[in-house]
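Engineer: Please work out how this folds:
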Amino acid sequence: MLYVLVALLLLPFVRRRTSGMVRSIILVQTGKIGDFVCTTPLFRAVRSAFPEARIVLAVHPVNVTLARQLPFFDEIIAIPSGSLSGWQNKWQWIRQFRSRQFGLAICCSGGLAWPFILAMSGIPRRLGVTPNFMGRSTRFAQRLWTDSARHDGEQLIGSTYARLLGCLEINPVTPAKIIAGSPDAAAHVSIFLAAAGHSTSHRLAGIAISAANKLKELGQPLLAGVCHQILAADPEISIILLGGPGDQALAKALKEDLASPRVIDSCGQFALEEVPALLQRLDVFIGVDSGLTYMADALNIPLVSLAGPCNMKETRPVNAHAVILQEQLPCVPCAHIFKAPYSCHIGTRACIVNVQAGTIADAALALLSEHKGVLRP
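Structural biologist: Below is the predicted model of the structure:
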């Protein structure tokens, strides 16, 4: 709370006057991949409303390469986790942002630091999302926004972003998410699939085998069960395991368990900016509520999402071919955009482990049957 009191006292002295014309804008979204993808409609709308402005994006480092593929930003600044903590770090960012003389800030990240940093940077107009879960200090910090939109958890976060942009009279906001791969990614994917022995006559089911939040992960037994059932259902379906370098041990164990030439391990083989091109080759995607799932959603890939502990009222895949599976338990949902636990408070992870492999496989196979004959790139 001390930060906020300091800012409120100094605000009349640090705030710059505005000329009325916005020439430079900073957008803030420091969440992980899924949060970034869900914010892309806002990015597009701001660029459309301010075509001549210089737009700077402050983003989590993991999303820098994804952001570079989009035509909305003139500059991208990586904000590493922990780099906003403490007075010294905050003042370093304040000095940097103040020197850029932004006329407008739009913040999609929660917490106490951003209202303070953007106010002390002298930015005359500052728009922020007010979280639905806040401590007393963060609640007090909302006074530092010049305009805000409160997220209540009963509607999609995209709707909250649209209301926030309504403060700038930007209406309507097209809700479709957007993601793009690097220019040479499609060629890399084709070479990789050919080398892995994938037959172009086979349909391709992708399964994301992990998540940044381990609370949501399916685990090897459930993953293996889903894959076994899909492989047994149709000899012309291949499965590709999706993940990063840290998932290679799990992918290796799954391949050994499944013992099928129709299982392809892509974990760690592609940079993040190449993943959209890989996802576009899929006939169906299976994953938990994570970044890859929202990338597949943005690309309109038929998908099965295991919602687990997450609040599907505020964030969920929305394409016309999305199937969401979620256990109806008294403790669900416990995970929200602005309040995300990393362990199960009842110790069972029942919202994940109670889902049957057959239920997941049947949902994916139904999507494959529904879209049979639809050729993907």
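Engineer: Please make it C-alpha for all contacts and neighbour counts, starting now.
Structural biologist: Noted.
Engineer: quick one, domains of this protein?
Structural biologist: With domains defined by automatic domain parsing, the chain comprises 2-166, 185-370.
Engineer: Relative to residue 173, which of the ones you listed is closest?
Structural biologist: With CA to CA as the measure, domain 2-166 is the member of those nearest residue 173 (5.8 Å).
Engineer: can you put the domains of the chain in a markdown table and add distance to residue 178 and mean neighbour count?
Structural biologist: Rendered in a markdown table, the data for these read as follows (distance: least, CA to CA, whole Å; neighbours: other CA atoms under 10 Å):
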| stretch | distance to residue 178 | mean neighbour count |
| --- | --- | --- |
| domain 2-166 | 6 | 18 |
| domain 185-370 | 6 | 19 |
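Engineer: Rebuild those domains as JSON lines, extending it with distance to residue 172.
Structural biologist: Formatted as JSON lines, the domains of the chain follow (distance: least, CA to CA, whole Å):
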{"stretch": "domain 2-166", "distance to residue 172": "8"}
{"stretch": "domain 185-370", "distance to residue 172": "18"}
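Engineer: can you put those domains in a markdown table and add mean pLDDT?
Structural biologist: Putting the domains of the chain into a markdown table (pLDDT from 0 to 100) gives the following:
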| stretch | mean pLDDT |
| --- | --- |
| domain 2-166 | 91 |
| domain 185-370 | 96 |
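Engineer: For residue 176, which of the ones you listed is the nearest?
Structural biologist: domain 2-166 (6.2 Å).
Engineer: the longest helix in the chain is where?
Structural biologist: Among the elements of the chain assigned as helix by DSSP state H, the one spanning the most residues is helix 33-49.
Engineer: Show me what it is packed against.
Structural biologist: Helices and strands touching helix 33-49, as assessed by 3 or more CA pairs under 8 Å, 6 or more residues apart in numbering; DSSP states H and E, comprise strand 24-29, helix 157-166, helix 291-298.
Engineer: With distance to residue 40 as extra columns, can I get the ones you listed in a markdown table?
Structural biologist: Supplementary listing: these in a markdown table, determined by distance: least, CA to CA, whole Å:
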| stretch | distance to residue 40 |
| --- | --- |
| strand 24-29 | 10 |
| helix 157-166 | 9 |
| helix 291-298 | 10 |
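Engineer: Out of these, which is closest to residue 108?
Structural biologist: Nearest to residue 108 among those is strand 24-29 (5.2 Å), distances taken as CA to CA.
Engineer: Spit out the contact partners of the residue nearest to residue 247 when sequence neighbours are not counted.
Structural biologist: Residue nearest to residue 247 in three dimensions, not counting chain neighbours: residue 267, with 6.2 Å by CA to CA, 6 or more residues apart in numbering. When contacts are counted by CA atoms under 8 Å, 6 or more residues apart in numbering, residue 267 is found next to 241, 242, 243, 244, 245, 247, 248, 251.
Engineer: Compute the distance between the nearest residue to residue 50 once chain neighbours are set aside and residue 106, please.
Structural biologist: The spatial neighbour of residue 50 that comes closest, neighbours along the chain excluded (CA to CA, 6+ apart), is residue 22 at 7.9 Å. Distance, residue 22 to residue 106, by CA to CA, to the nearest Å: 13 Å.
Engineer: Same check on residue 189?
Structural biologist: Note on residue 189: its distance to residue 106, by CA to CA, is 36 Å.
Engineer: So the residue nearest to residue 247, which state does it fall into?
Structural biologist: Residue 267 falls in the coil class when you classify it by DSSP: H, G, I helix; E, B strand; the rest coil.
Engineer: Wait, residue 176 touches residue 298, no?
Structural biologist: Yes - with contacts defined as CA atoms under 8 Å, residue 176 counts as touching residue 298 at a distance of 7.2 Å.
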